[in-house]
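Engineer: No letters, just coordinates:
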């Protein structure tokens with residue numbers, strides 16, 4: 001029985017190498033669901049997993065002359081499938097990052113246009129700056145220092161933590177506290193929508 005299986009495997013490999021489509025179809029039927037299941041673990045998308053599995057079989061067919069054994073068939077399929085999955089994951093990360101960045105840019109543009117629609121003159125804009133500066137100055141000393149280093153000096157949380165000998169969580173907590181306090185204080189002087197936009201830009 002074992003001998004028969006070995007002979008069948010050898011026969012499939014030989015026929016595949018010769019370009020026998022029936023042999024390829026049998027190999028496809030024997031391995032397709034396994035490859036799809038393998039891909040699904042990576043991409044978590046059944047349709048995409050099927051597409052990647054099909055690509056693997058196309059790769060197998062175009063490289064069939066390199067196959068030496070039945071295990072070589074599985075090696076070709078799984079290796080190519082894994083590579084395809086990893087490329088898909090990288091692609092999705094790039095797409096997601098671009099989408100997030102694009103969405104943020106559009107949101108900033110819209111907020112800027114709304115703010116500009118109020119048509120502040122130079123005096124009003126100066127008053128707006130004074131309101132924001134006063135609100136920042138009213139923050140507790142440590143909270144104010146952390147906020148200025150973060151938002152006005154553009155330093156990263158870790159840099160601030162190192163300079164002030166604080167934990168990163170403490171830095172984050174101070175920034176969050178500052179933003180909440182500013183939102184309340186600025187809202188006392190400005191229309192709600194303007195206050196919200198101002199907070200958006202400094203946060």
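Structural biologist: Looks like it came in fine. As the structure is a prediction and not an experimental result, all values here were calculated from the model.

Engineer: How is the residue nearest the centre of the chain assigned, secondary-structure-wise?
Structural biologist: Nearest to the mean C-alpha position of the chain, by C-alpha atoms, centre = their mean, lies residue 93 at 3.9 Å. Here residue 93 is helix, with the state taken from DSSP: H, G, I helix; E, B strand; the rest coil.

Engineer: Over to residue 132?
Structural biologist: helix.

Engineer: pLDDT value on it, please?
Structural biologist: The per-residue pLDDT reported for residue 132 equals 76.

Engineer: Same question for the one 5 residues further on.
Structural biologist: Residue-level confidence at residue 137 comes out at 86, pLDDT.

Engineer: and what of the one 5 residues further on?
Structural biologist: The predicted structure scores residue 142 at 91 on the pLDDT scale.

Engineer: what do you get for residue 158?
Structural biologist: Per-residue pLDDT puts residue 158 at 90.

Engineer: Which neighbouring elements make contact with the helix or strand containing it?
Structural biologist: Assigned by DSSP states H and E, residue 158 belongs to helix 157-164. Contact partners of helix 157-164 among helices and strands, from 3 or more C-beta pairs under 8 Å, 6 or more residues apart in numbering; DSSP states H and E: helix 141-147, helix 168-187. No exception for glycine: its C-beta is placed from N, CA and C like everyone else's.

Engineer: mind listing what's buried in the last one?
Structural biologist: Looking back up the chat, that one is helix 168-187. For helix 168-187, burial by neighbour count (16 or more other C-beta atoms under 10 Å) applies to 170-172, 174-175, 177-178, 181-183, 185-187.
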